[in-house]
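Q: Next come a sequence and a model predicted from it.
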Amino acid sequence: MRRIRVGCDFTYLAEVDTPVIFQVQPSDATDVTIENERWTSNPSLSVRTYADLYGNPCTRAILPAGRSSFSYDAVAVVPDGTEDVDLDAPEILPDALPDATLLYILPSRYCLPDVLGDEAWSRFGGMPPGYRRVQAICQHVHDHLEFQYGSTTAWTTAADVNQTRLGVCRDFTHLAISFCRALNIPARYVFGYLPDLEGERDPFIMDFAAWMEVWLGDRWWTFDPRNNTPRMGRVLIGRGRDASDVAMATTFGGPLLEEMVVRAEEAE
């Protein structure tokens, strides 16, 4: 097992008291154990937690007028290995899919299989169905898009980044999910912490990460179109249809986010 220190800091400046929902706490629905969990704020904030529609842990608070900071820290004990891979995992015909997976072949706010369906079928429809076809989708998205901070906004969809060929990890994930759903392969959005381990150094500043899970055979499998390689140390925060379901912070007002810091590194 590996011990990964995860956490984040937010600093806000608000004109009035502003309700907020944070999604930064690792989910307990994985094979990850959480230790030494700690929430801090300045000034002190009263928080309450709940599980959303998808079972993701959420934290509610009220940001006071003026400047305030909110921090989360924990140590995640994770498996000492990358996610599972099975090149022979089969696709399942829509009629045989479990009921709970059907939601993840439909269009959502950012994932548009109806808009991208013709391209999905022309590029990938002739390939043998299964794990290798999903990996081919990830390879295409990885090669097609260039990672660039600031290239997309809160309104950017998978169809938009397919045209501009620029995006961040959430955009890579939205596009790959859209292609999968267009082929009737259930795919859902995953959001979490992803440290750099074992030579996997990322030249970009540490941030929250996005990847996807795809239903093949009788289970969900992890795919990562941005990194396009199995990784160690994934710490899942939440799952949903797309990024709109698992926003790191949702504010009911217009506070200014002055600073955000994300931590994900191996604990000493």
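A: Thanks, I have the structure now.
Q: Check which helix or strand residue 210 maps to.
A: strand 209-216 (DSSP states H and E).
Q: so what secondary structure elements neighbour that strand?
A: Packing contacts for strand 209-216, counted by 3 or more Cβ pairs under 8 Å, 6 or more residues apart in numbering; DSSP states H and E, involve helix 131-144, helix 169-182, strand 187-193, strand 219-223. (C-beta placed from N, C-alpha, C; glycine too.)
Q: For the stretch 1-150 of the chain, just list every one of the strands.
A: Counting by DSSP state E, counting those that start in this stretch, the stretch 1-150 of the chain has strands at residues 2-14, 18-22, 33-42, 48-51, 57-63, 66-78, 146-147.
Q: Name every strand pairing with the fifth one and say which way it goes.
A: Sheet pairing here is set by DSSP bridges, and for strand 57-63 it gives strand 18-22 (antiparallel), strand 48-51 (antiparallel).
Q: With distance to residue 57 added, can I get the ones you listed in CSV?
A: CSV is the format used below for the strands paired with strand 57-63 (distance: least, Cβ to Cβ, whole Å):
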stretch, distance to residue 57
strand 18-22, 10
strand 48-51, 6
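Q: could I get the helices and strands packed on strand 209-216 as TSV with distance to residue 41?
A: Output for the helices and strands packed on strand 209-216, formatted as TSV (distance: least, Cβ to Cβ, whole Å):
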stretch	distance to residue 41
helix 131-144	38
helix 169-182	26
strand 187-193	20
strand 219-223	33
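Q: any idea which of the ones you listed is most buried?
A: Sort these by mean neighbour count, taking mean count of other Cβ atoms under 10 Å, and helix 169-182 sits at the top with a mean of 28.
Q: nearest to residue 140, of the strands of the stretch 1-150 of the chain?
A: Nearest to residue 140 among the strands of the stretch 1-150 of the chain is strand 146-147; the distance by Cβ to Cβ comes to 13.7 Å.
Q: mind listing what residue 147 touches?
A: Residue 147 sits next to 167-169, 172, 204, 226 when contact means Cβ atoms under 8 Å, 6 or more residues apart in numbering.
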